[in-house]
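Participant: Next comes the sequence, and after it the predicted model I'd like to discuss.
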Amino acid sequence: MSDIAIRVENLSKEYRIGGKQAVNRTFRETLLDSFSSPIRWMRGERKPIETFWALNDISFEIKQGEAVGIIGRNGAGKSTLLKVLSRITKPTKGRVDLYGRVASLLEVGTGFHSELSGRDNIYLNGAILGMSRREIGGKFDEIVDFSGVEKFLDTPVKHYSSGMYVRLAFAVAAHLEPEILVVDEVLAVGDAEFQKKCLGKMGDVAKQGRTVLFVSHNMNAIEQLCKSCIHINHGRLINFSSDIHSVIVDYLFGDPSEKSSTIWINSENSYISKIFKPISLALTDESGNLLPSTIPNNSDFYVAIEGELAFKDPAFTVGYAIYSEDGALLYWTYNIDTTEDLWPLLNEGKFKIRSKIPHRFLNEGVHKIEMIASLHFREWLLEPGHNNPSVLLTIHGGLSDSPLWFIRRPGLLAPVLKWENW
């Protein structure tokens, strides 16, 4: 017996741009249109039909019991792929084979009838999955308890808030034991506690040998929950690998042309003082390669400073200040933070120095890193917060190996510290 849960072969989906939407029309409007269409055609008034391929020749196989993350930028084709897999929309080309019942949670309201109560929708969804009333009843209390909407169970779901809607919809999708569970970014509607609860449930579903497809922009959740990852861009399959970290890094790094914000070069010979001329400020990896504008937080990186001294002065110090996306200062650091025997040499002429920012230290978000310099206790050469040379870096994902942290951690920093008994 095959262990394949999903097989996709040469899948493509084409959409029309700006096509007319189906509307209810009167007999008179239809009749007039039938007479005028040939005239417009003869006059050359036809509008060209624009199309685009939301999915373009995608092929992959997913085994039973796999938890697979699907990542990509907005508009990459992720949601379209899930809609095709869920039989909500038909592919233009290609083939999809599904081996087992599929439960989908793609957007608020998918699979629910707005006029029915929460109770009725639980039984309706179970029936769609092919379950008997007795099977649904056996899971009913567990579903209601997980959703937390017991008080409103007999209220039509059209009166639910978006959060209540999603809580019940996820509870139904996850507890009615489908062989394949498909979840889109819809979980972002819930609060942090609900997200962690749902992610934990998806992990349980995967451990039970059922297949999970999970679309998310939360790289921490992808890393924690999934065993492999699919990267889609412009409707094409870029990567599908069990090496999730490499897939995420490839996605976050993006186009090499996006690296411009992680280096500042003094091309205009500005910020020059009587002693110091800054040459460049850059963010690099250990080998000195320039970082992209967005990175995960589970690898070290360096702040590299290049400058030139007109003459040697023991009071000269140089370093950087780093700020969070809301402008809060995280810390300053200088080349003289350590004992004197560890200070880098700064003699007359050009110099290059760098300082490592350890992995699992900064939190998610955009960080501004600016160069600072002074003649210690005498005067500022580059005073913090005064429009100094600066670069930007976005941290996204890779924050923790803990099974309980799937989202951005509270606070300005996010260090992973070891605890032990003593």
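Facilitator: Good, I have the coordinates.

Participant: Tell me where the stretch 201-350 of the chain has helices.
Facilitator: Counting by DSSP state H, counting those that start in this stretch, the stretch 201-350 of the chain has these helices, from start to end: 219-225, 244-253.

Participant: From what I see, residue 227 and residue 62 are in contact.
Facilitator: No: with contact defined as CB atoms under 8 Å, residue 227 does not reach residue 62; the gap is 10.3 Å. Backbone N, C-alpha and C define where each C-beta goes, glycine included.

Participant: who touches both of these two?
Facilitator: Counting by CB atoms under 8 Å, 6 or more residues apart in numbering, the residues touching both residue 227 and residue 62 are residue 68.

Participant: Tell me which of the two has more neighbours.
Facilitator: Taking other CB atoms under 10 Å, residue 227 and residue 62 do not tie; residue 62 has more neighbours (23 against 14).

Participant: what's the nearest residue to that one if we skip its chain neighbours?
Facilitator: residue 6 (4.2 Å; CB to CB, 6 or more residues apart in numbering).

Participant: so which strand or helix has the one you found?
Facilitator: strand 4-17 (DSSP states H and E).

Participant: List the buried residues for that strand?
Facilitator: Using 16 or more other CB atoms under 10 Å as the test for burial, strand 4-17 gives 5, 6, 8, 11, 12, 13.

Participant: where does the protein have low pLDDT?
Facilitator: For the chain, the stretches with pLDDT under 70 are 1, 18-49, 107-111, 186-192, 252-260, 406.

Participant: What residue spans form the domains of it?
Facilitator: 4-26+49-251, 256-395 (automatic domain parsing).

Participant: Now distance to residue 416 too, for the ones you listed, in CSV please.
Facilitator: Converted to CSV, these look like this (distance: least, CB to CB, whole Å):
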stretch, distance to residue 416
domain 4-26+49-251, 12
domain 256-395, 4
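
Participant: deepest of those, which one?
Facilitator: domain 4-26+49-251 (a mean of 18; mean count of other CB atoms under 10 Å).

Participant: mind checking the end-to-end distance for it?
Facilitator: Using CA to CA, to the nearest Å, the end-to-end distance of domain 4-26+49-251 comes to 26 Å.

Participant: distance between it and the chain's centre?
Facilitator: Its chain's C-alpha centre lies 16 Å from the corresponding centre of domain 4-26+49-251 when counted by CA atoms, centre = their mean, to the nearest Å.

Participant: helix or strand for residue 80, which one?
Facilitator: Short version, using DSSP H and E: residue 80 is in helix 78-85.

Participant: List the contacts of that helix.
Facilitator: 6, 8, 11, 13, 54-55, 58, 70-72, 89-91, 96, 98, 102, 104, 106, 182, 184, 213, 215, 232, 235.

Participant: Tell me which stretches of the stretch 151-300 of the chain form strands.
Facilitator: Remark: strands assigned in the stretch 151-300 of the chain by DSSP state E, counting those that start in this stretch are 180-183, 211-215, 228-233, 236-241, 263-265, 276-284, 294-295.

Participant: between those strands, which one is nearest to residue 120?
Facilitator: Nearest to residue 120, of all these, is strand 180-183, at 22.0 Å by CB to CB.

Participant: which helices and strands sit right next to the closest one?
Facilitator: Judged by 3 or more CB pairs under 8 Å, 6 or more residues apart in numbering; DSSP states H and E, the packing partners of strand 180-183 are strand 102-105, helix 162-175, helix 192-207, strand 211-215.

Participant: a markdown table for the ones you listed, including distance to residue 241?
Facilitator: A markdown table is the format used below for those (distance: least, CB to CB, whole Å):
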| stretch | distance to residue 241 |
| --- | --- |
| strand 102-105 | 24 |
| helix 162-175 | 26 |
| helix 192-207 | 17 |
| strand 211-215 | 16 |
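
Participant: doesn't residue 245 make contact with residue 223?
Facilitator: Yes: if you go by CB under 8 Å, residue 223 and residue 245 touch, sitting 7.2 Å apart.

Participant: Which residues are in contact with each of the two?
Facilitator: With CB under 8 Å, 6+ apart, residue 223 and residue 245 have common neighbours residue 398.
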